[in-house]
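Asker: No sequence on hand, only this structure:
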Ligand SMILES: C[S@@+](CC[C@H](N)C(=O)[O-])C[C@H]1O[C@@H](n2cnc3c(N)ncnc32)[C@H](O)[C@@H]1O
């Protein structure tokens, strides 16, 4: 391919990148006024395992959470199922994953992906976190990956997640600065400790991190 042919391609890629950046900036500004869920048409972007942030990769999140065969795991705000499938593989046929999302378009994509892999150990629930639909003391592990900032009532949502975990159960909260709804470590720590959680582990840095919070054994 000659340099002349590359030029229009380069301009198109640049224009696409600028357009995407503008959408993300507008979305971040809008999110400050009102909690808006990630639009379903952007699910292709959510599905990408970001090569620049290790702590946001599905494999890293599942591995550091020590998800084992036979466990019951909650994928809270599962989106298009980026973590649902690896979680279901890790718990195996004797375990179970419950994937919850407030948007049916996201849940449908997660369902289609799960079915395509032949996994039968996933249950899909259409609900908002904080609505009080989750069973109590039921889950060994839970993940909340780039979801917290989209939830209108974060206190209610974390309270429900706390109640839904078994004593000793661990919730992984993942945040990354590229997300228009990014939540700082300080904010997340404060919300989680108000719900009754105690910090168990931290991976990454202030702009991209995985925070493990545990429901105390005595709770
Ligand atoms: C940025 S996506 C992340 C999806 C997935 N966790 C991942 O990392 O690939 C955020 C998801 O949270 C969902 N969500 C937003 N508010 C929610 C709520 N109150 N309850 C349940 N899901 C919610 C959105 O519909 C969206 O699918």
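Answerer: Thanks, I have the structure now. Please read all numbers here as calculations on a predicted model, not as lab measurements.

Asker: Show me which residues of this structure are close to the ligand?
Answerer: Within the chain, the positions near the ligand by C-beta under 6 Å from any ligand atom are 37-38, 46, 77-79, 82-83, 100-103, 106, 128-129, 145-147, 150-151. For every residue, glycine as well, the C-beta is placed using N, CA and C.

Asker: make it 8 Å
Answerer: 35, 37-38, 40, 43, 46-47, 56, 58, 75-83, 100-103, 106, 127-131, 143-147, 150-152, 157, 174, 179, 181 (C-beta under 8 Å from any ligand atom).

Asker: Report the residue spans of the protein with pLDDT below the cut-off.
Answerer: Across the chain, the ranges flagged by pLDDT under 70 are 1-6, 16, 18-35.

Asker: Tell me the spacing between the residue most central in space within the chain and residue 61.
Answerer: Closest to where the C-alpha atoms of the chain average out (C-alpha atoms, centre = their mean) is residue 145, at 2.1 Å. Computed as C-beta to C-beta, to the nearest Å, the residue 145 to residue 61 distance reads 6 Å.

Asker: Between the two, which contacts overlap?
Answerer: Counting by C-beta atoms under 8 Å, 6 or more residues apart in numbering, the common neighbours of residue 145 and residue 61 are 83, 172, 174.

Asker: Could you point out which of the residues you listed is nearest to residue 209?
Answerer: Distances from residue 209 to the shared contacts of residue 145 and residue 61, taken as C-beta to C-beta, are shortest for residue 174 (7.3 Å).

Asker: where does residue 199 land in three-state SS?
Answerer: Following DSSP: H, G, I helix; E, B strand; the rest coil, the label given to residue 199 is strand.

Asker: what residues are up against the closest residue to it other than its chain neighbours?
Answerer: Of all residues not flanking residue 199 in the chain, residue 213 sits nearest, at 5.8 Å (C-beta to C-beta, 6 or more residues apart in numbering). Applying C-beta under 8 Å, 6+ apart, we find residue 213 in contact with 170-171, 173, 192, 197-200.

Asker: Most widely separated two among those?
Answerer: Using C-beta to C-beta, the contacts of residue 213 span at most 13.1 Å, a distance reached by 173 and 198.

Asker: Looking at those two, which has the bigger crowd around it?
Answerer: More neighbours surround residue 173 than the other of residue 173 and residue 198, with 26 against 12 (other C-beta atoms under 10 Å).

Asker: ok, the one helix or strand that one maps to: who's next to it in the sheet?
Answerer: Per DSSP states H and E: residue 173 is located in strand 165-176. Strand 165-176 has the following sheet partners, assigned by DSSP bridges: strand 139-145 (parallel), strand 208-214 (antiparallel).

Asker: Just name the most buried of those.
Answerer: Neighbour counts (mean count of other C-beta atoms under 10 Å) averaged over each of these peak at strand 139-145, with a mean of 24.

Asker: what's the domain layout of the protein?
Answerer: Domain assignment for the chain by automatic domain parsing gives 1-34, 40-214.

Asker: Quick check: the residue of the chain found nearest the ligand vs residue 140, distance?
Answerer: Nearest residue of the chain to the ligand: residue 79, at 2.5 Å (C-beta to the nearest ligand atom). Separation of residue 79 from residue 140 (C-beta to C-beta) stands at 21 Å.
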